[in-house]
Each structure stands twice: as C-alpha cells, then as structure tokens.
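Enquirer: What would the 3D arrangement of this be:
(one chain, ligands or ions: 1)
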Amino acid sequence: KQTIPKSLQDRLRDSERITVLSGAGISAESGIPTFRQAQTGLWARYDPMRLASPEGFAEDPGLVWRWYQWRRKLVDRSEPNAGHRALVELARTIPELRLITQNVDGLHQRAGARSVIELHGNLARTVCSRTRRAIDPDWLERHAEQEPPPSPHHPQGLARPDVVWFGEALDAHTLEQACQAASDCELMLIVGTSGLVHPAAGLPRLAASAGACLVEVNPERTALSDSVDWRLVGPSAECLPRLVE
Ligand code: BJW
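Expert: Below you'll find the predicted structure:
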C-alpha cells in the first residue's frame, strides 16, 4: 500500500479551503459500475449515444427509461462506502470543504455530505422532457405501466431522469458554483474520474491556474494525471480513509 507522503499530509492540514471533484470511481466500491472501464464499465456494454443523449431518447424512449430504472434500482440497493464517509470526516476538520460530483447516485449525500454540487443531475429525480419541471413520484407510480410515463406538464412531454446527457448544457447556476469552488480553493482532490468529460474535466485546470495544488486519487492513470502535484494510486475507499486519519 502506498503511504501518504508527509508533504501532502502537511499541505492538507494547512489548507483552509479544499474542493473535491468526484467521479464514478468513488462509487465503484459501492457496487455501482463506472462508465469507461474496459471490462466492467457501462459504456463497454451499452452505447452512450443510444442511452445518454437526447437523440437516443427521441429514438427509443422506452429503452432509455428502462435502462435508467435498472440503474435507479442498483443505486437504491447500494450503500455509501468508506471513501464517501472519509470525505464527510474531512469536511469536519477543514474550515471550507466543497464537494463537486459528476455522479448522479446521491451516495455522497447518503454518507452525510451537505450541499453537494451535482454537475450531472441526480437519478432520483424525474422531470418532463419538454419543460424540465419536476414530476411528482405519485404521478409516476400511477402511470408506471407506461415506459416512460407521460408528463403531467406538457401534452407531448415524457418523464425522463433529471440528468445531463451528452450535448446537453449543464445547469448554468450549478456550473457557476462549481467554477467558483474550483477557482477559490487551495487544494483540489480529484477522485475517481477519468477526466475526459467536459466541462467537468476543465475544473482542475481552473483550480491550478488559480494557484491550487492538485491531488488525484485513482488506481489508474487518467487524462489529468500529468497535471497533478500528488497521485494516490489505489481505490478511493482505501486511499481516502488513510488520507484523513
Ligand atoms: C476508481 C475506482 C476506485 C475505478 N476508486 N477510482 C470539450 C472537449 C471535447 C468534448 C467536449 C468539450 N466540451 C463539451 C464536449 C462534449 C461532451 C464531452 O465532454 N465529450 C467527451 C466525452 C469527448 N460534453 C457534453 O456533451 C456536456 N455538455 C456540454 O458540454 O454542453 C454544451 C452545451 C452548451 C450549450 C447548449 C447545449 C450544449 C455534457 C456531459 C454530460 C455527461 N453525462 C454523463 C451521463 C450522466 C447521466 C448518467 O449517469 O447516465 O455523465 S456521461 C458519464 O461521464 C457521466 C459521468 O458523470 C461522466 C464522467 O465520467 P467519470 O465519472 O469520469 O467516469 P469514468 O468511467 O469515465 O471514469 C471512472 C474513473 O474511476 C476511472 O479513471 C477509473 O480508473 C476510476 N476508478 N475504480 C477510485 N475504486
């Protein structure tokens, strides 16, 4: 096991503002598959453009709805892991810890994290495909035999997950909050993300150009690895608890 360098421990202890950017890898040990890993990733088995794009939804809304229902169930049955919990612990000791996640599984919040910036939405919420207004869970239950259920808000609208698909814009206010958190931290912890999907993948560069040091936690090299100051090579459920102990 890689030991945590003393210089990193000191840096962490001295930091007043830390921002975390998390991705699918932090939930891997909760049993949620990542997207881009060769054998186990979702995109190894499913075509992202058919399942996570507005075009895919327009072509086969039933297929997309059922795929997200399957993922919702997977998330409902899972539990936050030691990595999620370690970040909650870290937040107790740092004056300002902000957490930006690309994940839609809500596991940071279930571990006790507060005010998480969710860049790509949340699987648990369902919205109208036309108006983007939230749809009440009771309505969805009453129309559950339809896949997807119709929208109560628009005659041509359908229920869809409140997540950000490829080619869709991120919520402007959420992105603004994330950019603010990135450009105003002393240290950014980049956990379990391949660093390939934009605009999220641009946040570490924003942090670095504002003077922050970058720490990556990932068992593999990523698109961001060459730009970071420290790499903790291993699963986040092992590395993060050691980092905060
Ligand atoms: C572990 C581990 C363990 C394993 N412990 N680690 C600039 C350049 C090029 C392209 C673009 C660009 N700007 C925009 C684009 C286009 C596109 C994009 O980025 N494409 C690239 C892929 C090339 N971006 C978009 O389309 C975005 N929208 C946009 O830019 O809109 C512009 C616009 C403006 C105005 C009007 C209209 C449009 C939207 C992106 C949305 C991404 N959506 C998804 C699906 C969300 C819903 C769902 O969950 O189904 O988000 S795709 C998927 O990728 C998901 C993730 O959040 C995201 C990132 O993936 P992540 O988290 O990094 O996971 P993986 O699998 O890639 O990596 C896992 C990592 O974990 C690996 O490194 C492992 O090693 C590691 N790991 N076990 C720690 N135990």
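Enquirer: which helix is the longest one in the protein?
Expert: Secondary structure of the chain per DSSP state H: the longest helix is helix 61-77.
Enquirer: what residues does this structure put near the ligand?
Expert: 23-26, 28-29, 34-37, 41, 52, 102, 104, 120, 163-169, 192-194, 196-199, 218-220, 222, 235-236 (C-beta under 6 Å from any ligand atom). (C-beta placed from N, C-alpha, C; glycine too.)
Enquirer: 5 Å instead, please
Expert: Contact residues (C-beta under 5 Å from any ligand atom) of the chain with the ligand: 23-25, 28, 34-36, 52, 102, 104, 120, 163-164, 166-167, 169, 192-194, 197-198, 218, 220, 222, 235-236.
Enquirer: Buried ones from these, can you make that a ChimeraX selection?
Expert: Remark: buried members of the residues of the chain next to the ligand, expressed as a ChimeraX selection using 16 or more other C-beta atoms under 10 Å:
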select :23,24,25,28,34,35,36,52,102,104,120,163,164,192,193,194,197,218,222,235,236
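Enquirer: now, which of the residues of the chain next to the ligand lie within helices?
Expert: Ser236.
Enquirer: Quick check: buried residues in the helix or strand of the chain with the lowest mean pLDDT?
Expert: Ranked by mean pLDDT, DSSP states H and E, the weakest helix or strand in the chain is helix 42-45, scoring a mean of 87. Within helix 42-45, the residues that qualify as buried by neighbour count (16+ other C-beta under 10 Å) are 42-43.
Enquirer: Tell me what angle the lengthiest strand in the chain forms with helix 61-77.
Expert: Longest strand in the chain, counting residues (DSSP state E): strand 121-128. Strand 121-128 runs at 140 degrees relative to helix 61-77, counting by axes from the mean of the first three to the mean of the last three C-alpha atoms, to 10 degrees.
Enquirer: Next SSE downstream of strand 121-128?
Expert: helix 137-142 (DSSP states H and E).
Enquirer: Alpha carbons only: can I get that next one in CSV?
Expert: Written as CSV, here are the backbone C-alpha positions of helix 137-142 (Å, rounded to 0.1, in the frame of the first residue of the first chain):
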residue,chain,number,x,y,z
PRO,A,137,-43.4,10.4,-7.6
ASP,A,138,-47.1,9.7,-7.0
TRP,A,139,-47.9,10.6,-10.6
LEU,A,140,-45.1,8.3,-11.8
GLU,A,141,-46.4,5.5,-9.7
ARG,A,142,-49.9,5.9,-11.1
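Enquirer: ok, back up a step: counting by contacts, list what the longest strand of the chain packs against.
Expert: Under the contact definition 3 or more C-beta pairs under 8 Å, 6 or more residues apart in numbering; DSSP states H and E, strand 121-128 sits against helix 61-77, strand 159-163.
Enquirer: burial of the residue nearest to Leu240 when sequence neighbours are not counted, as a residue count?
Expert: Ranked by C-beta to C-beta, 6 or more residues apart in numbering and with sequence neighbours excluded, the top spatial neighbour of Leu240 is Ala86, at 3.7 Å. As a burial measure, Ala86 scores 23 neighbours (other C-beta atoms under 10 Å).
Enquirer: again, but for Glu176
Expert: 12.
Enquirer: Could you measure from it over to Gln156?
Expert: Remark: distance between Glu176 and Gln156 (C-beta to C-beta, to the nearest Å) = 31 Å.
Enquirer: in terms of contact, does Arg50 touch Phe57 like I think?
Expert: No. Assessed by C-beta atoms under 8 Å, Arg50 is found out of contact with Phe57, at 9.1 Å.
Enquirer: between these two, which one's more packed in?
Expert: Taking other C-beta under 10 Å, Arg50 and Phe57 do not tie; Phe57 has more neighbours (22 against 15).
Enquirer: neighbouring contacts of the one helix or strand Glu216 maps to?
Expert: For Glu216, the host element (DSSP H and E) is strand 213-217. Contact with strand 213-217 is made by 8, 11, 186-192, 204, 207-208, 222, 224-225, 227-232, 234, 236, 239-240, 243, as judged by C-beta atoms under 8 Å, 6 or more residues apart in numbering.
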